[in-house]
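Trainee: following is a predicted model, sequence given first.
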Amino acid sequence: AQSVTQLDSHVSVSEGTPVLLRCNYSSSYSPSLFWYVQHPNKGLQLLLKYTSAATLVKGINGFEAEFKKSETSFHLTKPSAHMSDAAEYFCVVSVLNRDDKIIFGKGTRLHILP
Amino acid sequence: GAVVSQHPSWVICKSGTSVKIECRSLDFQATTMFWYRQFPKQSLMLMATSNEGSKATYEQGVEKDKFLINHASLTLSTLTVTSAHPEDSSFYICSASHRTNTEAFFGQGTRLTVV
């Protein structure tokens, strides 16, 4: 079975400071992991994905995430937050090639303080 | 990445009527399509998974007679909300994948409002 846990429902950071959004997963198979961002009343935008290649994944808008198998984590980071980063972020685990499942975390709302 | 087009982007309908939402994969063959529902300020809840040419598999608690899913071709799946009620108002999102992929591609969502 697969599951994903986003450890914080809300994160607030000041503009220009680092961002850390935490995600832990469990999977019976080697998973693919994704981070999506959703701005209010909008669809999902893919930030980055891990699919068993390099464990440090760079995405769009300066975001990156590191896959740590020993910690079953895939935390999302950004060195310097921008006001436009305020949104909902979803960590997603997929085992489509084994189990036809895509599992969403509950989401983390990122607030950027001026 | 591949493109998934969802239509309409928003719809308002009267209580008791039915609404159809389309999900198309524009540049790949989608062997599997997923339908999600998202309530305000909540995560996406998987409603059902459909494989081309076979009946959809519904998640527990989702009424299959109310949310009709058809996946008749490799590029099109439809979700029909039958006899809609105000509590069906929500954001519905589809995603599509091919069996050789580990990634699914998402449509832009449909905002359904039942009045």
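Mentor: Structure's in. What do you need?
Trainee: contacts only, for the spatially most central residue of chain B.
Mentor: Centroid check for chain B by Cα atoms, centre = their mean gives B:Trp35 as the closest residue, at 3.6 Å. Residues in contact with B:Trp35 (Cβ atoms under 8 Å, 6 or more residues apart in numbering or on different chains) are B:23, B:46-48, B:50, B:67, B:69, B:77, B:79, B:92-94. C-beta: built from backbone N, CA, C; applies to glycine.
Trainee: just the element for the residue lying closest to it once chain neighbours are set aside, please.
Mentor: Nearest non-adjacent residue to B:Trp35, counting by Cβ to Cβ, 6 or more residues apart in numbering or on different chains: B:Met47, 4.6 Å away. Using DSSP states H and E, the element containing B:Met47 is strand B:44-51.
Trainee: partner strands of the helix or strand just after that strand, parallel or antiparallel?
Mentor: From strand B:44-51 onward toward the C-terminus, using DSSP H and E, the following helix or strand is strand B:57-58. In the sheet containing strand B:57-58, its partner strands are strand B:44-51 (antiparallel), by DSSP bridges.
Trainee: how far does the partner strand sit from the chain's center?
Mentor: 7 Å (Cα atoms, centre = their mean, to the nearest Å).
Trainee: return the helix or strand in chain A with minimum mean pLDDT.
Mentor: Within chain A, no helix or strand scores below helix A:96-99, which has a mean of 68 by mean pLDDT, DSSP states H and E.
Trainee: what's the first helix or strand after that helix?
Mentor: Counting by DSSP H and E, what follows helix A:96-99 is strand A:102-104.
Trainee: what mean pLDDT does that next one get?
Mentor: Throughout strand A:102-104, pLDDT has a mean value of 87.
Trainee: helices or strands next to it in the packing?
Mentor: Applying 3 or more Cβ pairs under 8 Å, 6 or more residues apart in numbering or on different chains; DSSP states H and E, one finds that strand A:102-104 contacts strand A:3-6, strand A:87-94, strand B:44-51.
Trainee: report pLDDT for B:Ala96.
Mentor: So, for B:Ala96, pLDDT stands at 93.
Trainee: what's around the nearest residue to it once chain neighbours are set aside, how many residues?
Mentor: Leaving aside its sequence neighbours, B:Ala96 sits nearest to B:Ala30 (Cβ to Cβ, 6+ apart; 3.6 Å). For B:Ala30, the neighbour count with other Cβ atoms under 10 Å in any protein chain shown is 30.
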